[in-house]
Every structure is written in C-alpha cells, then in structure tokens.
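Colleague: Here is a sequence with its predicted model. Questions after.
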Amino acid sequence: MLSSLFRRLAGLPRGWVVAIGLAFTLAIAVLDSITGPRILLSLFYLLPVMLVAWATESTGCGLIVAGASSLVGPVEAVLTGFRYDSLPVAFWNGLVRLAVFGIVLYLMESVRSLMARLQELALSDELTGLANLRAFREVAAKEIDRSRRFHHELSLAYIDIDDFKGTNDRLGHEAGDRMLIALASLALATARSVDTVARIGGDEFVIIMPETGADAALPLATRLRAAFPRAAAVGDATATCSIGLASFTHSPDSVEALLTAADALMYEAKSAGRDRVCHETLPADAHTVAQGRLLPFSPTSRA
C-alpha cells in the first residue's frame with residue numbers, strides 16, 4: 001500500500017506533492033494544538049517531510065515542508081497568547097526541528113543516491129559499462145511487445161569473438177579485457193541511437209535493433225565485423241568476430257526465441273570458418289535449428 005502511494009505521488013507535479021505535504025503538516029498541527037503539550041506529536045511532522053522528499057526526489061521540496069513544520073511552534077505560540085512557550089523559545093524549538101529534519105533529508109539523499117547507483121550496477125556490465133543480460137532481457141521484452149502491437153520488424157545481432165580463450169591464454173586477461181572493451185566501444189559506435197548494445201556473456205555481445213529488417217541490419221553487422229580486427233588489435237595479435245543476425249518479419253514468441261535464433265546463426269558462422277556474418281530472415285513462428293539440433297539459449301564461451 002505504501003509503495004503504491006509513493007508511485008501515485010511520484011506521478012504528480014512537484015507543486016502538487018508539496019501542497020499535499022503542506023496540507024498534511026497543517027492537519028498534524030491542528031491535531032497537535034487540540035491535544036496540547038502533554039501529548040508529543042513532533043515526530044509525526046517528519047512524515048510529510050520524508051514523503052515529499054522521496055516522492056519528488058528533491059531535498060529542496062522536502063526542506064519547504066520542513067520549514068513549514070518549524071513555523072508551527074511560533075504560530076501556535078502567537079495564537080495561544082504565549083500560553084505554553086514564549087516566542088524566542090518557540091523559534092528555538094522550530095530551528096532545532098528544522099536542523100534535525102535537515103539531517104534526515106541529507107541521509108535520505110545519500111540513501112537515494114546509493115540505491116540509484118546499485119540499480120545502475122545491477123543493470124550494467126562492470127567491465128564495459130554496457131547493459132548486462134538482465135537489462136537486455138527487460139529491453140528485449142519491451143521491444144518484442146512493441147513489435148507485436150505495431151507489427152514492426154525486429155533484428156538481433158549476436159556477436160562472439162573468435163578464439164577468445166586462446167587470446168587470453170597467449171596474451172593474458174588484461175589484453176582480453178582490452179579486446180572486450182574495444183568490441184563494446186565499436187558496437188556502440190556502429191549501432192544507432194535507438195538500438196541497445198549489451199554484453200550477455202564472457203565474450204558474447206548482442207545488438208537489438210527495433211523496427212529494423214535485413215535491409216538495415218545486415219549492413220550494420222557487416223561494418224562491425226569488418227572494423228573489429230583493426231579496433232581490437234593488441235600488439236601484433238589480431239582478432240576477428242563471428243556474428244549471427246536474425247531478422248523477424250513479425251514479433252518472436254519470447255526473448256529466448258529471439259536469442260536462440262541469433263545464437264544458432266552465430267554458431268553457423270563459427271562452423272563456416274569464423275570472421276563472417278550469418279543472416280536469416282525468420283517468420284514469427286520459426287523454430288531455430290542448427291545442424292539438426294534445437295539450440296536452447298545458454299550463453300557459453302566458444303572458440
């Protein structure tokens with residue numbers, strides 16, 4: 001219920017959220033005035049402050065509500081004819097409340113930044129900074145749904161570095177990491193702004209191309225394959241990559257079907273001699289078969 005409330009508030013304009021927080025503060029102030037000083041409600045003033053700051057993702061908006069709550073004491077002192085507190089005491093108590101709420105808001109901002117960083121790390125590859133498999137699956141599921149609803153074509157390039165294990169064994173993991181970073185940079189430079197590039201395995205990368213058929217996807221994959229040896233050169237060593245490119249005329253059934261189709265074509269490129277692009281245009285209900293066997297998707301390192 002609380003998370004649902006936060007989502008609804010987050011969808012409102014910031015001004016509305018601040019107004020709701022101020023109204024909440026006023027309601028607490030009225031209740032505080034009715035109950036009198038024997039029943040302390042000071043802690044409850046923190047609730048609208050935290051609610052507004054979290055929903056708006058703004059410490060400034062939270063400070064507006066915190067400032068309003070700090071004025072409750074002085075206003076109440078004036079309205080009651082200084083029955084309980086003098087004006088200086090009421091202002092001092094309000095400043096103390098504002099300082100405490102400010103510290104809470106600072107801590108909330110730190111927590112929010114940490115959560116955003118953790119979420120970013122959970123969806124990105126640590127070495128290359130690309131989307132990881134989890135993030136790719138989320139994007140691919142959305143693109144498959146869009147393709148299904150609007151009857152768009154959809155293409156996926158599955159890229160694998162040839163003999164990557166041998167490169168690591170000969171030159172060391174640092175050289176291998178440089179090669180992976182080079183492929184990531186090249187894929188990003190080659191892909192369009194609407195495409196998503198992801199690293200989904202050790203030396204396996206994918207590029208999902210929404211609203212794209214073979215006419216546009218094949219030249220892109222071909223350029224990437226041709227440019228990779230120069231981009232990934234480490235000393236005298238050169239590297240190549242094999243690419244499987246699956247283009248669907250209609251939406252595939254699932255993310256696994258999309259990956260399996262491109263994975264099988266990449267396997268065919270490997271079997272045909274590596275350093276090439278293997279492409280096929282598939283209907284939505286196509287079953288992916290390579291050399292007489294169904295290929296369930298499970299990213300593994302290949303030579």
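Modeller: That came through fine.

Colleague: Break this protein down into its domains, please.
Modeller: When the chain is parsed with automatic domain parsing, its domains come out as 2-122, 133-294.

Colleague: Quick check: which of the ones you listed is buried the most?
Modeller: Ranked by average neighbour count under the criterion mean count of other Cβ atoms under 10 Å, these are headed by domain 133-294 at a mean of 18. Just so you know, the C-beta spots here come from the backbone N, C-alpha and C atoms, and that holds for glycine as well.

Colleague: Generate TSV for the domains of the chain, with mean pLDDT as supplementary columns.
Modeller: Shown next, in TSV, are these (pLDDT from 0 to 100):
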stretch	mean pLDDT
domain 2-122	85
domain 133-294	89
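
Colleague: In a strand, R38, correct?
Modeller: No - under DSSP: H, G, I helix; E, B strand; the rest coil, R38 falls outside any strand and is assigned coil.

Colleague: now stretch 76-87, how far from the centre of its chain.
Modeller: 51 Å (Cα atoms, centre = their mean, to the nearest Å).

Colleague: quick one: contacts of that stretch?
Modeller: Applying Cβ atoms under 8 Å, 6 or more residues apart in numbering, the contact partners of stretch 76-87 are 29, 32-33, 37, 73-74, 89-90, 93.

Colleague: how about the strands in the protein?
Modeller: Listed in chain order, the strands of the chain (DSSP state E) span 154-161, 196-199, 204-210, 241-248, 277-282, 289-290, 293-294.

Colleague: Which neighbours in the sheet does the first one have, and how are they oriented?
Modeller: Each strand paired with strand 154-161, and its direction, by DSSP bridges: strand 204-210 (antiparallel), strand 241-248 (antiparallel).

Colleague: coming back round to it: now, among the contacts of stretch 76-87, which is nearest to C61?
Modeller: Using Cβ to Cβ, A29 comes nearest to C61 of the contacts of stretch 76-87, at 18.9 Å.

Colleague: So that closest one sits against S70, correct?
Modeller: No - contact between A29 and S70 fails when scored by Cβ atoms under 8 Å: they sit 11.3 Å apart.

Colleague: Turn the contacts of stretch 76-87 into TSV, columns for distance to H152.
Modeller: Output for the contacts of stretch 76-87, formatted as TSV (distance: Cβ to Cβ, whole Å):
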residue	distance to H152
A29	55
D32	58
S33	61
P37	66
G73	61
P74	62
V89	68
A90	64
N93	62
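
Colleague: so which of these comes closest to L51?
Modeller: A29 (15.8 Å).

Colleague: how near is that closest one to V65?
Modeller: According to Cβ to Cβ, to the nearest Å, A29 stands 12 Å off from V65.

Colleague: again with L41
Modeller: 15 Å.

Colleague: One more: F44?
Modeller: From F44 across to V65, the span is 13 Å (Cβ to Cβ).

Colleague: check contacts around the nearest residue to E143 once chain neighbours are set aside.
Modeller: Distances taken as Cβ to Cβ, 6 or more residues apart in numbering put P210 closest to E143, at 4.8 Å, once the chain neighbours are dropped. By Cβ under 8 Å, 6+ apart, P210 lies in contact with 143, 146-147, 152, 154, 194-195.

Colleague: ok, 10 Å please
Modeller: Applying Cβ atoms under 10 Å, 6 or more residues apart in numbering, we find P210 in contact with 139-140, 142-144, 146-147, 150, 152-155, 192, 194-196.

Colleague: ok, now L245?
Modeller: Contacts of L245 by Cβ under 10 Å, 6+ apart are 155-159, 207, 209, 214, 217-218, 220-222, 225, 261-262, 265-266, 269, 277-281.

Colleague: With D195 instead?
Modeller: Contacts of D195 (Cβ under 10 Å, 6+ apart): 139, 143, 155, 157, 187-188, 207-210, 212, 217, 220.

Colleague: Apply 6 Å and report the result again.
Modeller: Remark: with contacts taken as Cβ atoms under 6 Å, 6 or more residues apart in numbering, D195 is in contact with 207, 209.

Colleague: measure it to S70 for me?
Modeller: As judged by Cβ to Cβ, D195 and S70 stand 51 Å apart.

Colleague: I'd say A175 and V234 touch.
Modeller: Yes - between A175 and V234 there is a contact at 4.7 Å, judged by Cβ atoms under 6 Å.

Colleague: And F228, how far from E126?
Modeller: Taking Cβ to Cβ, one finds F228 at 22 Å from E126.

Colleague: now do A10
Modeller: Going from A10 to E126 by Cβ to Cβ gives 29 Å.

Colleague: Next one: R225 from I159, what distance?
Modeller: Counting by Cβ to Cβ, the gap between R225 and I159 amounts to 8 Å.
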